[in-house]
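J.: only the shape, not the letters, is given here:
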């Protein structure tokens, strides 16, 4: 899950919850996109990801519905 990524980790989006796809499409998050975790706040706080050289903030609930294949 995107919400579980650590600072600096990179990965590719492999699945997005059906009900969330349209809501986040406007910020460029879609299956197949590569992203990097920029910041993750503690205690279910928001996450900031870097996507196409732009930082985007997502609430924990949204981030928890996005599955990411993390580079090892």
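T.: Everything's here; your move. Computed from a predicted structure; not experimentally measured. Numbering: from 1, shown residues only.

J.: only C-alpha atoms from now on, for both contacts and neighbour counts.
T.: OK.

J.: where along this structure do the helices fall?
T.: 21-24, 60-63 (DSSP state H).

J.: just the buried positions in the helix or strand bottoming out on mean pLDDT in the chain, please.
T.: Within the chain, no helix or strand scores below helix 21-24, which has a mean of 86 by mean pLDDT, DSSP states H and E. Going by neighbour count (16 or more other Cα atoms under 10 Å), the buried part of helix 21-24 is residue 21.

J.: any regions of this protein where pLDDT drops low?
T.: Within the chain, the ranges that satisfy pLDDT under 70 run 72.

J.: hang on, the earlier thing: ok now the least confident helix or strand of the chain, how far from the chain's centre?
T.: The chain centroid and the centroid of helix 21-24 are separated by 12 Å under Cα atoms, centre = their mean, to the nearest Å.

J.: go ahead and name everything in contact with it.
T.: Helix 21-24 is contacted by residues residue 30 when judged by Cα atoms under 8 Å, 6 or more residues apart in numbering.

J.: swap in 10 Å and give it another go.
T.: Here helix 21-24 makes contact (Cα atoms under 10 Å, 6 or more residues apart in numbering) with 15-16, 29-31, 58, 62, 65-66.

J.: then stretch 33-41?
T.: Residues contacting stretch 33-41 (Cα under 10 Å, 6+ apart): 2-14, 29, 46-60, 68-70.

J.: and the residues you listed, which are buried?
T.: Taking 16+ other Cα under 10 Å as the criterion, what is buried in those is 2-3, 5, 10-14, 29, 46-51, 56, 58, 60, 68-70.

J.: for the residue lying closest to residue 46 once chain neighbours are set aside, give its distance to residue 34.
T.: Spatial nearest neighbour of residue 46, chain neighbours left out: residue 59 (4.3 Å); criterion: Cα to Cα, 6 or more residues apart in numbering. The span separating residue 59 from residue 34 equals 19 Å under the rule Cα to Cα, to the nearest Å.

J.: how about the most centrally placed residue in the chain: what's its closest non-neighbour residue?
T.: When Cα atoms, centre = their mean is applied to the chain, the residue found nearest the centroid is residue 2 (4.5 Å). For residue 2, ignoring the flanking residues on the chain, the nearest one in space by Cα to Cα, 6+ apart is residue 63 at 5.2 Å.
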